[in-house]
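# here is a sequence together with a model predicted from it:
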Amino acid sequence: MSRAATAPNRAREYETIYILKPDIDAEAAERVGSRLAEVVGRESGQLTKVETWGRRKLAYAIAKQRRGVYVYLKYLGSGRVVSELERNLRLFDGVLKYQTVLVRSDVEVDGISVAAEDVTFERLELPPLEEDKEDSRERQLGLVESERREKPEGVAELDEGEIDAMGEMGADEDEET
């Protein structure tokens, strides 16, 4: 039996994770997902798992973004599927980053059954972006008023007279040196 005769029954298994911009709308995310599913089918591949992991904080800033929407794909196919899938990911402005990993190099395609709900792209319904309080540049520079914190017991507030007196004490010390 020649290798060419058995090749259609065997494939490689890949995983691709791609990160979308955190403010992407549902329609744009849906266009990306449907395009990728189309590419996998067109290149004689087979999607086996699709998961949307939601918006998460990135380990480091990518294209000035601190958060991203993660989407996980698992599929069967050849190297052509991977190269075409990654080419399409590069074309979308909403994709920040992606990575593909070869999971297994020799998988029997005929024995795999996939449930329809495992390979459908969910509609992306994300809550509106909230500003990270600790990451806000304006807050770090003191341009935005922060929430008032409670004072520990035993700490008294100073009135303006006491603050002026402390300023004068500091001025006296400067003159002496």
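Good, I have the coordinates. This structure is a prediction, so every number in the text was calculated from the model and none was measured.

# CA atoms for contacts and neighbours, from now on please.
Will do.

# pLDDT weak spots in the chain?
1-8, 111-120, 122, 129-142, 144-177 (pLDDT under 70).

# okay, helices next: where are they in it?
Under the criterion DSSP state H, helices of the chain are mapped to 3-6, 26-42, 79-91, 137-140, 160-176.

# quick one: the strand ranked longest in the chain to helix 26-42, angle?
Longest strand of the chain, by residue count under DSSP state E: strand 46-62. Angle of strand 46-62 versus helix 26-42, following axes from the mean of the first three to the mean of the last three C-alpha atoms, to 10 degrees, is 130 degrees.

# name the strands paired with strand 46-62 and say parallel or antiparallel.
Using DSSP bridges, the strands paired with strand 46-62 are strand 65-77 (antiparallel).

# residue 18 is in contact with residue 98, correct?
Yes: contact criterion C-alpha atoms under 8 Å: residue 98 and residue 18 qualify, at 4.0 Å.

# between these two, which has more neighbouring residues?
In this view residue 98 and residue 18 are compared by other C-alpha atoms under 10 Å, and residue 18 has more residues nearby, 19 against 16.

# so what's the more buried one bridging to?
According to DSSP bridges, beta-bridge pairing links residue 18 with residue 71, residue 98.

# kindly format the C-alpha coordinates of the longest strand of the chain as PDB.
Only the C-alpha atoms of strand 46-62 are listed here, as PDB (Å, rounded to 0.1, in the frame of the first residue of the first chain):
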ATOM      1  CA  GLN A  46     -11.800  19.800  10.100                       C
ATOM      2  CA  LEU A  47     -12.600  22.000  13.200                       C
ATOM      3  CA  THR A  48     -12.800  19.900  16.300                       C
ATOM      4  CA  LYS A  49     -13.200  22.500  19.100                       C
ATOM      5  CA  VAL A  50     -13.900  26.200  19.300                       C
ATOM      6  CA  GLU A  51     -13.900  28.000  22.700                       C
ATOM      7  CA  THR A  52     -14.200  31.700  23.500                       C
ATOM      8  CA  TRP A  53     -12.300  32.400  26.700                       C
ATOM      9  CA  GLY A  54     -13.400  36.000  27.000                       C
ATOM     10  CA  ARG A  55     -11.600  39.200  27.900                       C
ATOM     11  CA  ARG A  56      -8.500  38.700  29.900                       C
ATOM     12  CA  LYS A  57      -5.500  40.800  31.100                       C
ATOM     13  CA  LEU A  58      -2.500  40.400  28.900                       C
ATOM     14  CA  ALA A  59       0.900  39.500  30.400                       C
ATOM     15  CA  TYR A  60       2.400  42.600  28.600                       C
ATOM     16  CA  ALA A  61       1.000  45.300  26.400                       C
ATOM     17  CA  ILE A  62       0.400  44.400  22.700                       C
END
